[in-house]
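Colleague: sequence and predicted structure are below.
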Amino acid sequence: MASKNIAAILSLVISTSVMAETVEVGQKDKKFTQDSLDIKVGDTVKFTNNDAFFHNVFSLSDAEMFDLGSYPKGESRDVTFTTPGEVEVECAIHPEMKMTINVQE
Ligand SMILES: [Cu+2]
């Protein structure tokens, strides 16, 4: 009985550590569809452009520095976050576009 419980606990631990999620954030009407987002280390954010013009996605934050370049409507690019911390995400084309991603351990 005890060994069965241990096996159940082990499989739970293993499945939660492997279960990295992908969260979609859109860009619509010159805004990110979320102002802030809480994710966990290992999770991926998929940035999708829903506007009829180009958007860019980049971050200069220490926790995750990236530049996905510029891309048109219907396209998306992924970032996997590997370091805990606060990540400010911006669009180089529209400086007013900003969102914050909190990457938790
Ligand atoms: Cu933009």
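Modeller: Yes, it's here. All values derive from a computational prediction rather than experimental measurement.

Colleague: please make it C-alpha for all contacts and neighbour counts, starting now.
Modeller: Fine.

Colleague: hey, what's the closest residue to Phe32 other than its chain neighbours bridged with?
Modeller: Closest residue to Phe32 apart from its sequence neighbours, by Cα to Cα, 6 or more residues apart in numbering: Gly26 at 5.7 Å. Gly26 forms beta bridges with Thr48, as assigned by DSSP bridges.

Colleague: please tell me how far Gly26 sits from Thr82.
Modeller: As judged by Cα to Cα, to the nearest Å, Gly26 and Thr82 stand 21 Å apart.

Colleague: who has more neighbours, those two?
Modeller: Between Gly26 and Thr82, counted using other Cα atoms under 10 Å, the more crowded position is Gly26 (19 against 16).

Colleague: what about the residue minimising distance to the centre of the chain, helix or strand, and which?
Modeller: Centroid-nearest residue in the chain: Val45, 2.6 Å away (criterion: Cα atoms, centre = their mean). Here Val45, judged by DSSP states H and E, is contained in strand 44-49.

Colleague: which of the residues in that strand are buried?
Modeller: By 16 or more other Cα atoms under 10 Å, the buried positions in strand 44-49 come out as Thr44, Val45, Lys46, Phe47, Thr48, Asn49.

Colleague: now whatever residue of the chain ends up closest to the ion: how far from Glu90?
Modeller: In the chain, no residue comes nearer to the ion than His55, which is 3.8 Å away by Cα to the ion. Going from His55 to Glu90 by Cα to Cα gives 10 Å.

Colleague: likewise Ser36?
Modeller: Distance from Ser36 to Glu90, by Cα to Cα: 12 Å.

Colleague: strands of the protein, start to end?
Modeller: 22-28, 31-32, 36-40, 44-49, 55-59, 66-71, 76-80, 85-90, 98-104 (DSSP state E).

Colleague: now the angle from the strand holding Val45 to strand 36-40?
Modeller: Orientation check (axes from the mean of the first three to the mean of the last three Cα atoms, to 10 degrees): strand 44-49 against strand 36-40 gives 150 degrees.

Colleague: which strands or helices does strand 44-49 pack on?
Modeller: strand 22-28, strand 76-80 (3 or more Cα pairs under 8 Å, 6 or more residues apart in numbering; DSSP states H and E).
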